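[1] Got a sequence here, can you build the structure:
(chains A, B and C)
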Amino acid sequence: MKTLIKIAWRNCWKSPLRTSIVISSIIIGVWSSIFLMGFMDGMMASRKNNVINTRLGHLQIHTPEYEFDPNILNSVKDPQSVYKALDNHPNIIGYTDRFVTEGILKTAREQRGVKINGIDVEKDRTTLLITEKAEQGTFFSDEYKYPVAIGDKMASELKVGIGDKVSLSLTKPDSTQTSKNFKVSAIFKSGDAMYDNYNIFVPKEAIYKVIKTDQPIVHEIVVKLDDIEKADLVKADLLQTVEKDTVLTWLEADPYSAYAEDSYGMMIFVLMFVIIGALLFGIVNTVVMSILERKREIGVLLAIGMTKKKIRTMIAIESMVYGLVGGPIGVLLGWLTTSYYNKNGFDLSNYGEAMESYGLDTVVYFNLPTQYYFIYAGLIMVATVIGSLYPAKIATRLNPIDAIRSI
Amino acid sequence: MKISGIITLMLLGVFGMSFLFPVNEERTPQSEDLKEIIRKAENRMEGESSIASMKITIVRPKYTRDMTLKAWTKGDDYSLMYIMTPSRDQGTTYLKRSKEIWYYLPSVERNIKMPPSMMSQSWMGTDMSNDDLVKRTSMANDFTHKLLGSETIDGHDCHKIQLIPKESADVIWGKIEIWVDKKLYNIMKQKSYDEDMELVNTMNASNVKMMGGEEIPTKMEIVPADKPNQKTVMTYLSIQFNVDIPDHYFTTQYMTKVKP
Amino acid sequence: MILQFFKLAWRNIWRNKRRAIITISSISISLMFVIFLLQMQKWTWMNQLDTTLSGYVGYIQITDTAYVEEKSMDNMFETSQLDLDKLKAIKGVRGVYPRIQSGVLASIGIRSKSAGVMGIQPSIDVEEMKLKEKLSEGELIEDGDNEILITNQMAKFYQVKVGDSLILFGSGYQGFTAAGNYRIKGIVRIPAGDMSNMVYMSMQEAQKMFAANGLVTSVLVNIDEGADLYKIHEEVKSLVTHPNLIARNWEEVMPELKSGMELDTVSNQMIAGVLLLVVCFGIFGTIVMMYSERIFEFGILLSIGMRKRSILLITLLEVYLLMLIGVGLGCLLVTPILLWMNHNPIPLTGNAADTMIEYGIDPIISVGLYPSEYMSSSFIIILLTVIMSSYVIFKILRLKPLEAMKKH
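    Reported below is the predicted structural model:
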């Protein structure tokens, strides 16, 4: 066996240029696909984190009717029992309760439908990051009695800046209309243009004052967990005590995220398949060519009594050398680039606007779960072994006498 | 749909002019308190009750459309309007009860309450929104005033007054300019500006005539500043003041069977 | 002379059949991979684009010029200003769909909310908008029907079912009141997005309600799979002669969709780039072997007095001939695979599939047969091969006869 490996190794380096081309093609293939996967995974992770950290949290609690009719009366039915369940759960890091209703925001010239989010800044900060996304101003300056935070795109479309007034109209719980002037205290940018163009934030106390209620009204409770993977488990736990309201995981709350996650997985699969297929073909091609070139040599080996099995093994080892050398180097290079861009970020600001409208950051921090490196290296090995089968078959089909005769 | 909240006031004027406060014939512009002038102008518009018929002309770049309607008004909070022409829309009834707006549609024989999301939509295709009709601001109390001089509008000598909203007031305008008739206290012209002090719309009143026993402008037009070739014109055909209108007129039950 | 070179090159190629076959297969299989990937990407892209465009926006949208700025009922136009039959007759046009799109207040008396209204021609639009697949309860509407379809989200909001009625109220053409009480004939499943709050009614009924006889807000011109949008757009423009009308293609109507699509294209190009890199090495390896096998032969040719230029010309001709055969064969061989997969798409499952259905996208993966992708892939492969053949040029120019013969 040892001799076989030696022979195979030597055979590989008989034509150093060819071998280095095959090996480099494997290196480049592996490296670039890891690069791509790191890039896409980083993009997906950033979107996911963005969505969870600024908008959805890990879990959301509403009253069932709120899902299709977000009106002021569809508030959480039994908030006390929800709080109790949340306070006692070990996996919950924080939660924030919000007043959320639809309303109209008006300036002297224009008006548009908005979602009014009444928040308690201190409490909200424990769960979501939106209050830290202010581009200008702060989430809620004490200067104004009725401050409001609006998205940057909305601010520029409505031509309002910090300190300008806007009028908010909404329905009170007794179903009459009310409106109040608010002063723009912050202009935020969450990274999701669609969200920013529809959501505005006001302090909870201010909105309670506008609708003249002493009882807090809560429409949405957003929960942050210590581990995203536990969302389903915690949901099940909560549902044991929370009876009148519904609990949604972030995936359920945002079907688009679920779609993006899955279709991304699919894309990675297709990508791996195609690239490994192309690599495999390159290897087969090279090995077949080298065998046909060495027909005579193999013929001699057969003639002097080397068994077909041994020849087959020798050729298998030859093609595995490519994978064994190229695969790990490619994986290593891939790991290095991915870690580099994981730290420094990959700048894509040229596509900034399009990316933002998809809820993506313009700087992509690469990210790839460790198992992918091993999976990839493993797949390359398997591919090279499969790639050796066909050339080995050709070699053993040779008739020693013909083989020696032919040049 | 860029509409002034102050047109509300004007509309209230249109729909409910009564004269609880007799017009002061003596004018002493220097000494007279500006606030008082404005209060008087507003009081001319705040109504007890009235029945009016009027024509509304909507001017658009591609067409002009006339509507005639009959309106019953009681105080600030109640008004009922019945569309007479065009015949396709005849019988469509509109009811304002404090901050609610209801429509009755003869073609479907149903009442519909305007939901909040639709309040910003145009009212009957005019340059006003439903919201404009229910919003209330007091020119006298919610603004600080400054006399800018005198000007003649449609043959009437007017005070030109600038109104700047007070910090505490829920007014969306940056400023408003009004021209108040020195003698009759009718508001003859009004210009509303946004926070950048750019003109948003202009109201012009004209054709001051004796009608229903009072001298009032019988024609008013609203011109949005950014759409120079469109406007809404309202003309009184007749008006009666201080008519006793039963309260049940302003209910959703009654609006389904209004007989003009 | 040239002809002779061709003859020589051709003979040289077939003198060593296996070498020719390996080279050709290397090129053609590489090309097959590239074509397959690009066709799949393009298909996915077009599939999503078609879903977004065909129902509501249209590949080409004909509207009144004023409608571009202000989507108001006042900016409707008469269909008689257009020759719909001539539009339909343009080559590559799948169909022409007049539409009325507007907003109304939809109410059951106590519950009211604004909703979109779409006046459609069920006889052609049911298929175009895939309404049959989306129907969850009741029946579809027909031409001239005075009943409506609503979405499942609306049914939930109003707590209504098939057979109940919904009041629609809004403003119609030139400020007329638009109102009607409509029986719900069917409920379609559109749970998310702008379209989840939409009432569908027949064009005739919509025109009646909006007091807009003979008027539409837009006419959509949809094109066949793979047809040339820009060319058809020009032809449509030449038929839209009325000065008040404008025909815009979807890129003009929805620039934000275009920039989103461009982002998709970038990630697709990155994937294709990786594949090309791998493929490129494969071809290069083949070229290198092809050359190194023949160093001895070149040495002999040189020493018997053949000029380097002639050797170079013949060898390059060989490479290019092999390349062209490879490219031709690749295109030919990949076609049955594409055809098969186009007819037998791979069904998807899981979250993605559910969401895709909800967004109105078919939950399948398939490939297209776009000539443009054949062209671009072949072009790229040809370009790469030509670049890589410079290795041969470089080597032959530096060839020394003695060394060449010694080396072997």
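[2] So which residues on the stretch 101-250 of chain A come close to chain B?
    Contacts of the stretch 101-250 of chain A with chain B, taken as C-beta under 8 Å from any C-beta of the partner chain, map to A:102-104, A:106-111, A:113, A:159-160, A:164-167, A:169-171, A:176-181. Where C-beta positions appear, they are placed from N, C-alpha and C, glycine not excepted.
[3] Of those residues, grab the buried ones for PyMOL.
    What follows is the PyMOL syntax for the buried subset of these, where burial is set by 16 or more other C-beta atoms under 10 Å in any protein chain shown:
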select buried, chain A and resi 102+103+104+106+107+108+109+110+111+160+164+165+166+167+169+170+171+177+178+179+180+181
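[4] Let's see which of the residues of the stretch 101-250 of chain A next to chain B end up in strands.
    By the criterion of DSSP state E, membership of those in strands covers A:102-104, A:106, A:111, A:113, A:165-167, A:169-171, A:177-181.
[5] Spatially nearest residue to the residue of the stretch 1-150 of chain A found nearest chain B (excluding sequence neighbours)?
    Nearest residue of the stretch 1-150 of chain A to chain B, counting by C-beta to the nearest C-beta: A:Ala108, 3.5 Å away. Nearest residue to A:Ala108, sequence neighbours excluded (C-beta to C-beta, 6 or more residues apart in numbering or on different chains): B:Asp194, at 3.5 Å.
[6] can I assume the one you found is in contact with B:Ile176?
    No. With contact defined as C-beta atoms under 8 Å, B:Asp194 does not count as touching B:Ile176 (10.8 Å).
[7] for the stretch 1-150 of chain B, which spans come out with low pLDDT?
    Counting by pLDDT under 70, the stretch 1-150 of chain B contains low-confidence residues at B:1-32, B:45-47, B:117, B:134-136.
[8] how about 50 then?
    The stretch 1-150 of chain B contains residues with pLDDT under 50 at B:1-31.
[9] Okay, helices next: where are they in it?
    Assigned by DSSP state H, counting those that start in this stretch, the stretch 1-150 of chain B shows helices spanning B:6-15, B:34-45, B:130-134.
[10] Ok, the stretch 151-300 of chain A next?
    Chain-ordered helices for the stretch 151-300 of chain A, with DSSP H, counting those that start in this stretch as the definition, fall at A:152-158, A:193-196, A:204-211, A:231-241, A:250-253, A:255-293, A:295-303.
[11] do the stretch 301-407 of chain A as well
    With helices called from DSSP H, counting those that start in this stretch, the stretch 301-407 of chain A shows them at A:308-344, A:352-357, A:370-397, A:400-405.
[12] so which of the ones you listed gets nearest C:Asp362?
    With respect to C:Asp362, and counting by C-beta to C-beta, the nearest of the helices of the stretch 301-407 of chain A is helix A:352-357 at 24.2 Å.
[13] what about the closest one, average pLDDT?
    Averaging the model's pLDDT scores along helix A:352-357 yields 65.
[14] Residue 47: which element?
    Going with chain A. Secondary structure here is read from DSSP states H and E; on that basis A:Arg47 sits in helix A:16-50.
[15] wait, I meant chain C there
    Using DSSP H and E, C:Asn47 sits in helix C:17-52.
[16] Which other helices and strands does that helix contact?
    For helix C:17-52, the contact count by 3 or more C-beta pairs under 8 Å, 6 or more residues apart in numbering or on different chains; DSSP states H and E identifies helix A:255-293, helix C:255-292, helix C:308-343, helix C:371-388 as packing neighbours.
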